[in-house]
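structural data only, the sequence is not supplied:
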C-alpha cells in the first residue's frame, strides 16, 4: 500500500501517522527539514542535531510548557533535561549529551517506521556506531530549495495536536440521538456554537493540505466547518469538523452535503484512527470500537440531520469526492480502502 508515493508523501505520512507516544517525531522531522534545506550530503554528528532539537524544545516550552508525552504522570527525557538545565542543576552540554543518547535510541532509529514497516526510501542513514547521520537523496528531494513548505506546517500542526491531545480531550461526549418521544427528536448534551479555530492544528494534518470540499490546496482564510450542519445536530465534535476554503464553506452554508462527502468524512476519521494521536482513543469512545459501529453512528447523525434540513448541497465546481484520485491515494496508503 506504500508503493507509488513521492518522498514528500512519505514524509507527510511519517509525521501524521507514525507512532507517537511523545512529540519527538514531529520535532525531529523539523530538525530534518532544516538539514534538508542545506542540500549538503556530508554526514553530520548526531549530537549537533540533538542540540538543535534541544534548542527547539527549549524555545517552544519556555512560555507554555504543555505536556510532551501522553502517559499520565510521566515526562520525556527532553522535559526532564530542560527542567534540570533551567534550574541550573546541569550544564547545557550535559543536557545535550543525555538528550543525544535518547534521540539515538528512541527517535533516530525508529523515525522511518510507518504501520510497523520501514518506508522504502529512508531520509537518512544512522551510522553503525550511532554517532553520525548521513542524509540521503530523498531528504533533499523534499526540502532542498525551500520545497514543500506545507510539510513544515504539518510538523507544527502535528506537534501542537499532540500537545493538545495530551492535555485535553479526556472525557468522551455522548452523541446519541434521543428518539424516545414520538415525533420529537433532539440531541443529548447539546453544545453552544463556539470558536473552532484552535482545532485547526489538529485537523490540518489529515487533509494533506487540501480543502475538504473541493480537493484543491488550502490557502487563507481557512475555515473550520461542520460537515453535518451544526444547526441540525448541535455539537462541535471533532469527528464532524474539517478545514475548507472560505468560498467553499460559504457556498455550502448550512445545507446537507451529499452522501459522498459523508463517506469522505468517514475515511478522514479512519485516517485519524490509524495515527497515534490521542484523539484516536477519544474517537473510539465517541463513535465506537469497530468500523461498523463508527459508520453507523455517523449515518445515524446524518439521517437525523436530513430530517431537519431539506436542501441538499452537492459540492461546487463539479468536485466529486468519490473521484478524487489524490485523496484516494492517501486513503489507500494509510487505511487500505480502494
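All right, it came through fine. Not measured: the values here are computed from a predicted model. Residues are numbered from 1 along each chain as shown.

make it CA atoms for all contacts and neighbour counts henceforth
Will do.

state the mean pLDDT of stretch 264-272.
Throughout stretch 264-272, pLDDT has a mean value of 91.

do the same with stretch 39-53
Rounded mean pLDDT across stretch 39-53 is 94.

okay, helices next: where are they in the stretch 1-150 of the chain?
7-17, 24-38, 46-63, 77-86, 92-103, 137-143, 149-167 (DSSP state H, counting those that start in this stretch).

residue 316 is nearest to which of these?
Taking CA to CA, helix 149-167 is the member of these nearest to residue 316, at 24.6 Å.

what residue lies at the spatial centre of this structure?
residue 205 (3.8 Å; CA atoms, centre = their mean).

distance check, it against residue 197.
15 Å (CA to CA, to the nearest Å).

cool, residue 41 as well?
If you go by CA to CA, the gap between residue 41 and residue 197 works out to 40 Å.

counting neighbours, go ahead and name the busier of those two.
residue 41 (16 against 12; other CA atoms under 10 Å).

nearest residue to the more buried one in space, ignoring adjacent ones along the chain?
Ranked by CA to CA, 6 or more residues apart in numbering and with sequence neighbours excluded, the top spatial neighbour of residue 41 is residue 135, at 5.7 Å.

same question for residue 227.
Closest residue to residue 227 apart from its sequence neighbours, by CA to CA, 6+ apart: residue 240 at 5.6 Å.

roughly how far does the one you found sit from residue 82?
Distance from residue 240 to residue 82, by CA to CA: 38 Å.

which of these two has more neighbours?
Using other CA under 10 Å, the more surrounded residue of residue 240 and residue 82 is residue 82, with 23 against 20.

I'd guessed that one sits against residue 95; true?
Yes. With contact defined as CA atoms under 8 Å, residue 82 reaches residue 95; the gap is 7.3 Å.

continuing past the worst-scoring helix or strand of the chain on mean pLDDT, what's the next helix or strand?
Ranking every helix and strand in the chain by mean pLDDT, DSSP states H and E puts strand 186-187 at the bottom, with a mean of 48. Per DSSP states H and E, the first helix or strand lying C-terminal to strand 186-187 is helix 200-204.

now the element after that following helix, going C-ward?
The first helix or strand that comes after helix 200-204 along the chain, using DSSP H and E, is strand 222-226.

relative to residue 280, how far out is residue 74?
20 Å.

name the residue in these two with the higher neighbour count.
The neighbour count for residue 74 versus residue 280, taken as other CA under 10 Å, is higher for residue 280 (17 against 12).

who are the contact partners of that one?
For residue 280, the contacting residues are 272, 273, 274, by CA atoms under 8 Å, 6 or more residues apart in numbering.

tell me which of those residues fall in helices.
Members of those lying in helices (criterion: DSSP state H): 272, 273.

if we take the contacts of residue 280, which one ends up nearest to residue 47?
Lowest distance from residue 47 to these (CA to CA) belongs to residue 274, with 31.9 Å.

so who does the closest residue to the closest one other than its chain neighbours touch?
Spatial nearest neighbour of residue 274, excluding adjacent residues (CA to CA, 6+ apart): residue 17 at 6.3 Å. By CA under 8 Å, 6+ apart, residue 17 lies in contact with 114, 115, 272, 274, 275, 276, 334.

on that earlier part again, my read: the residue nearest to the centre of the chain touches residue 16, true?
Yes. Look at residue 205 against residue 16 with CA under 8 Å: they come within range, at 6.0 Å.

much appreciated, bye for now.
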